[in-house]
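S.K.: I'll drop the sequence and a predicted model, then ask my questions.
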Amino acid sequence: MERIPVIEIFGPTIQGEGMVIGQKTMFVRTAGCDYRCRWCDSSFTWDGSAKHEIKQMTAEAIWQQLKQLGGDRFNHVTISGGNPALLKGLRALISLLKEHNIRIGLETQGSVWQDWFYDIDDLTISPKPPSSNMETNFTTLDTIMERLTAHRGQVSLKVVVFNDEDFAYAKHVHQRYPTVPFYVQVGNDDIHEADDITLRLKLLQKLEWLVEQVVQSNEMNDVRVLPQLHTLLWGNRRGV
Ligand SMILES: C[S@@+](CC[C@H](N)C(=O)[O-])C[C@H]1O[C@@H](n2cnc3c(N)ncnc32)[C@H](O)[C@@H]1O
Ligand SMILES: Nc1nc2[nH]cc(C(=O)O)c2c(=O)[nH]1
Ligand code: SF4
Ligand SMILES: [Mg+2]
């Protein structure tokens, strides 16, 4: 059986971001990313710093670990990374979770397509704004969004915003795919801040700024503004 590179499995916790914010869920975080966002809060998945933690796991072994951690206290699993869309082999895990009646969320940046996207219940596509230093390939993204919107599963777009330029990018993405539920998310500039109270204060100020941008814009009448709830609650800790 094909192996999946996994860097952490944790939960039950709540989904802190996006379309199913607040949903009780387990997390499976895969290793490896085709991007290197300047502000990535999960850079340990791709920068080599946690290389020794990567386990090549079968779908069955991942399921066993989810059950060991969560028992019968979950029915939703979120797959994130890194970029899980790099892994064709996730198909086996998705099938296994479905057999066990588990709903599946997945986070990816929209740089790579996989046919198993159709089997994700809550799919978040999160293209990256200029502050990330990454460049969006809109030809690829157009193809992905076309395939997904022709299909009934739940899909949303989520753009992290750090500054005015990012907000302009968010507007552009929203206008390009106007029928797709659209979220803007507060960017966390302080991914090494260890003091939760300082961090919370800064993040809430940024949330207020972002709400103000949306309120003032006639092009952002049908968007949702969200913080990263898990960061407000638990700061920059891993595995929450
Ligand atoms: C760590 S990424 C992993 C999945 C995939 N690579 C992606 O970027 O969508 C999960 C989510 O966290 C967001 N994120 C990463 N670093 C962040 C930060 N410093 N502040 C706010 N959101 C961040 C990403 O934009 C993405 O929506
Ligand atoms: N609680 C919680 N919610 C999340 N939503 C997206 C996350 C991610 O890192 O992809 C994440 C995470 O790491 N923790
Ligand atoms: S695409 Fe996602 S995991 Fe990859 S570097 Fe950017 S935020 Fe991090
Ligand atoms: Mg995260």
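M.R.: Nice, thanks for sending it over. Residues are numbered from 1 along each chain as shown. Ligands and ions are numbered 1, 2, ... in the order given.

S.K.: what mean pLDDT does stretch 39-55 have?
M.R.: Averaging pLDDT along stretch 39-55 gives 98.

S.K.: mind listing what's buried in it?
M.R.: Counting neighbours by 16 or more other Cβ atoms under 10 Å, one finds that the buried residues in stretch 39-55 are Trp39, Cys40, Ser42, Ser43, Phe44, Thr45, Trp46, Ala50, Ile54, Lys55. Yep, even glycine has a C-beta here, placed from its N, CA and C like the rest.

S.K.: residues contacting the second one?
M.R.: I take that to be Cys40. By Cβ atoms under 8 Å, 6 or more residues apart in numbering, the contact set of Cys40 is Cys33, Trp46, Ser132.

S.K.: export the buried residues of stretch 39-55 to CSV and tack on secondary structure and distance to His76?
M.R.: Listed next are those as CSV, based on DSSP: H, G, I helix; E, B strand; the rest coil; distance: Cβ to Cβ, whole Å:
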residue, secondary structure, distance to His76
Trp39, coil, 27
Cys40, coil, 24
Ser42, coil, 20
Ser43, helix, 26
Phe44, helix, 24
Thr45, helix, 21
Trp46, coil, 25
Ala50, coil, 25
Ile54, coil, 24
Lys55, strand, 22
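
S.K.: return the member of the residues you listed nearest to ligand 3.
M.R.: Relative to ligand 3, the closest of these is Cys40; by Cβ to the nearest ligand atom it sits at 3.2 Å.

S.K.: all strands for this structure, in order.
M.R.: Assignment of strands within the chain using DSSP state E yields the ranges 4-14, 24-30, 55-57, 76-80, 103-108, 122-125, 154-161, 182-186, 223-226.

S.K.: can you list the strands that the shortest one pairs with?
M.R.: It stands for strand 55-57. strand 4-14 (antiparallel) (DSSP bridges).

S.K.: could you do the fourth one as well?
M.R.: For strand 76-80, sheet partners with direction are given as strand 24-30 (parallel), strand 103-108 (parallel), following DSSP bridges.

S.K.: can I get those strands in JSON lines including mean pLDDT?
M.R.: Formatted as JSON lines, those follow (pLDDT from 0 to 100):
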{"stretch": "strand 24-30", "mean pLDDT": "99"}
{"stretch": "strand 103-108", "mean pLDDT": "98"}
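
S.K.: out of these, nearest to Ala85?
M.R.: Closest approach to Ala85 among the strands paired with strand 76-80 (Cβ to Cβ): strand 103-108, 4.3 Å.

S.K.: restrict the contacts of Cys40 to contacts with ligand 3.
M.R.: Cys33 (Cβ under 6 Å from any ligand atom).

S.K.: what sits closest to the residue nearest the centre of the chain if chain neighbours are left out?
M.R.: Note on the chain: the residue nearest the mean C-alpha position is Glu107, at 3.4 Å, using Cα atoms, centre = their mean. Distances taken as Cβ to Cβ, 6 or more residues apart in numbering put Ser80 closest to Glu107, at 4.2 Å, once the chain neighbours are dropped.

S.K.: okay, the one you found: pLDDT?
M.R.: pLDDT, read off for Ser80, is 99.

S.K.: count of residues packed around it?
M.R.: When neighbours are defined as other Cβ atoms under 10 Å, Ser80 has 20 of them.

S.K.: now the end-to-end length of stretch 52-66.
M.R.: 20 Å (Cα to Cα, to the nearest Å).

S.K.: hmm, who's touching it?
M.R.: The contact list for stretch 52-66, computed with Cβ under 8 Å, 6+ apart, reads 1-9, 11, 26, 28, 31, 44, 74, 77, 92-93, 95-97, 100.
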